[in-house]
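Engineer: model the following, please.
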Amino acid sequence: MARPFPFTAIVGQDEMKRALMVAAVDPTIGGVLIFGDRGTGKSTAVRALAELLPPMKVVEGCPYRCDPARPAASCTHCSPGAKLTSRLAPVPVVDLPLGATEDRVVGALDIERALAHGEKAFEPGLLARAHRGFLYIDEVNLLEDHLVDLLLDVAASGENLVEREGLSIRHPARFVLVGSGNPEEGELRPQLLDRFGLSVDVKTPTDIAMRVEAVKRRDAFDRDPEAFADAFAADEERLRRRITAAKKLLPRVEVADDVRRRVAELCVALGTDGLRGELTLLRAARSMAALEKSAVAAMEHVKAIAMPALRHRLRRNPLDDVGSNVRVERALAEVLG
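Structural biologist: This is a model prediction of the structure:
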């Protein structure tokens, strides 16, 4: 299989790369939405992320790749008392195509086994494959409504329930949702938008030197993918070790009460609904601190990730014609200084 374009070779788009790294360190942040112009590296960055993720321990033979240390209660393979063996497996990055049927997404009856052996067996779908990994949806704003509703249910519960064709199956399905799209092709449903922890705007670069370098690298990759990937192998390994170390440090990162208070003041000033914005911003700041090898999440980490954490959570103000980015920047200056 051809190697993907290296993550560290992507020119510019720093906010997008930072958001993906933060979500990789702490999957509880809730995923990343990447909106912007065509041809700006959205899909490239997501697929390159898979190569950066360190392998994870999974239960041998489990179709859902449960964690041996904490097998899911809804997994029949990993029932309590069962003797489990483990192995290392790559973190899955699963594509959900726009034209996918519901059966392909949630799973269905294994027709081959039913015909050959007369057995009712479950064939896991894309949600099962994405468990403990990433579910990527390109052109997420064009996703059909019934699939959006399904994703919302699974994202809320962490489980996929399939009841059809005489089957009743419940299995774990916890994944980081990553979506990309072009805002010119339609808006995202508010319910799904709120489920994304971070939202990133990407734009076509206007700096000539940056554009030349980006095109040069892409052309070199298309000519000889193996040689190009080898040239960035050392950079990829350094970033992989950085993410691995950050994941280990994350549980020990502290957040001072003063930082929590300032984050609350920021969300009040912006008028965000509920507490999801504050929780996401604090988790993202903690992840940023871990990436920078700091055991304390400080205001500098909050400022660095506040825009992606809050820009998509603002109410529309008919009396204020400025965009969400300007409103967040203004609130950051007023509240955080």
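Engineer: in this structure, which ranges drop under the pLDDT threshold?
Structural biologist: Where the chain drops to pLDDT under 70, the residues are 1-2, 73-74, 79-82, 109-121, 164-166, 316-323, 337.
Engineer: now the helices: where do they sit in it?
Structural biologist: 14-25, 42-52, 102-106, 111-117, 126-129, 145-157, 190-193, 208-223, 225-231, 233-249, 257-270, 276-291, 299-310, 324-331 (DSSP state H).
Engineer: list the contacts of the second one.
Structural biologist: Just to be clear, that refers to helix 42-52. 3-7, 10, 13, 16-17, 20, 24, 34, 36, 90-91, 93, 134, 136, 138, 178, 180, 202, 236, 239-240, 243 (C-beta atoms under 8 Å, 6 or more residues apart in numbering). Glycine gets a C-beta too; all of them are placed from N, C-alpha and C.
Engineer: the first one now?
Structural biologist: Outside helix 14-25, the residues that touch it by C-beta under 8 Å, 6+ apart are 7, 10, 29-32, 34, 41-42, 45-46, 49, 52-53, 176, 178, 197-198, 200-202, 239, 243, 246-247, 250, 284, 287-288, 290-291, 304-305, 307-308.
Engineer: one step back: of all the helices of the chain, which one is nearest Lys83?
Structural biologist: Closest approach to Lys83 among these (C-beta to C-beta): helix 126-129, 22.7 Å.
Engineer: tell me which other helices or strands the closest one touches.
Structural biologist: Helix 126-129 sits against helix 102-106, with contacts defined as 3 or more C-beta pairs under 8 Å, 6 or more residues apart in numbering; DSSP states H and E.
Engineer: residues of the helix it packs on that come out buried?
Structural biologist: Judged by neighbour count (16 or more other C-beta atoms under 10 Å), helix 102-106 contains these buried residues: Val105, Val106.
Engineer: and for stretch 263-279?
Structural biologist: When burial is assessed from 16+ other C-beta under 10 Å, stretch 263-279 yields the following buried residues: Val263, Ala264, Leu266, Cys267, Ala269, Leu270, Thr272, Arg276, Gly277, Glu278, Leu279.
Engineer: brilliant, that's me finished.
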